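got a predicted structure here, sequence first:
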Amino acid sequence: MTQNKSGKTVILTGAGISAESGLQTFRDANGLWEGHRPEEVATPEAFASNPDMVHRFYNARRQKLAEVKPNAAHQALVDLENYLGDDFLLITQNVDDLHERAGIQRVMHLHGELLKKRCSWCNQVDRCDSDLSVSDVCPVCDRPEGMRPHIVWFGEMPFRMEEIINAIKEADQFWAIGTSGQVYPAAGFVEIAKSAGASTVEMNLEAASNSSLFDESIIGPATETLPPFVGALIAS
Ligand code: OAD
């Protein structure tokens with residue numbers, strides 16, 4: 001039995017929720033990803049053939065985190081979590097830490113985290129606050145050349161899929177915020193939620209590729225659309 005009028009609420013966020021904090025989205029007007037084609041940097045093949053370039057790219061993105069801070073949309077989700085408690089779950093495709101810095105507790109990073117590193121040899125995951133390079137040695141297995149960002153690259157399996165799918169199947173509400181609906185499996189979550197009977201809402205600057213699958217589309221900057229939407233829900 002649910003403890004609130006909204007029921008279980010699962011939120012999916014993408015790059016758009018961090019855009020107003022100053023982090024660039026992936027699919028901007030020229031189709032490039034911070035000046036690179038995604039397949040140049042975000043694949044296991046790129047890391048195997050040019051690890052220095054891949055490290056440079058992610059090091060720059062990690063450094064950028066120090067220049068940005070959470071915005072009103074991140075904060076609105078914290079307010080929602082405080083209201084819903086265990087009936088709230090955030091699934092983010094974002095590799096930044098802005099949800100956590102805003103104060104979110106119940107979050108799963110589907111595509112990994114910039115502030116973590118992993119050893120390709122022994123799979124040990126550790127906190128990563130500084131630049132990575134090919135000469136780094138794994139603190140656990142001592143092998144060189146294997147430390148990589150703890151990020152899901154194209155062709156790799158996103159994290160925690162089973163838990164995520166189970167949570168979506170139990171959701172009464174499913175919201176997708178700041179995500180273009182172009183990258184699977186996340187783009188397919190709305191169909192799973194709908195099939196299980198959830199109400200679905202998208203909030204984007206422009207309608208997502210999978211917009212027709214949502215019951216409601218709210219178009220506009222997340223810092224302007226999300227706080228009043230959450231406020232109305234909490235007040236209702
Ligand atoms: P995209 O760059 O594909 O889409 C960004 C979405 O945010 C678009 O739908 C915009 O309309 C919306 N948007 C932009 N600014 C906004 C704002 N101020 N308020 C609300 N919405 C806004 O980013 P994602 O959908 O997150 O994967 O991309 C999905 C995945 O593709 C990423 O996680 C990444 C990338 O390849 C990996 O790295 C594995």
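All right, it came through fine.

where does pLDDT dip in the chain?
Along the chain, the parts satisfying pLDDT under 70 run over 1-5, 28-34.

contacts (any at all) between the ligand and stretch 67-86?
No: shown here: stretch 67-86 not in contact with the ligand (C-beta under 6 Å from any ligand atom), separated by at least 7.0 Å. Quick note: C-beta positions are derived from backbone N, CA and C, even for glycine.

give me the three-state assignment for the residue lying farthest from the centre of the chain.
Distance from the centre of the chain peaks at residue 142, with 30.9 Å (C-alpha atoms, centre = their mean). Counting by DSSP: H, G, I helix; E, B strand; the rest coil, the backbone at residue 142 sits in coil.

what sits against it?
By C-beta atoms under 8 Å, 6 or more residues apart in numbering, the contact list for residue 142 is empty.

just read off the phi/psi values of it.
phi 70, psi 10 (degrees, to the nearest 10).

please apply the same query to residue 225.
phi -90, psi -40.

how many residues are close by it?
Residue 225: 18 surrounding residues under other C-beta atoms under 10 Å.

same check, this time on the one 3 residues further on
Counted with other C-beta under 10 Å, residues neighbouring residue 228 total 11.

now it: how far from the ligand?
Per C-beta to the nearest ligand atom, to the nearest Å, residue 228 is found 14 Å from the ligand.

so which bits of whatever helix or strand that residue lives in are buried?
Using DSSP states H and E, residue 228 sits in helix 222-235. Using 16 or more other C-beta atoms under 10 Å as the test for burial, helix 222-235 gives 222-223, 225-227, 229-230, 233-234.
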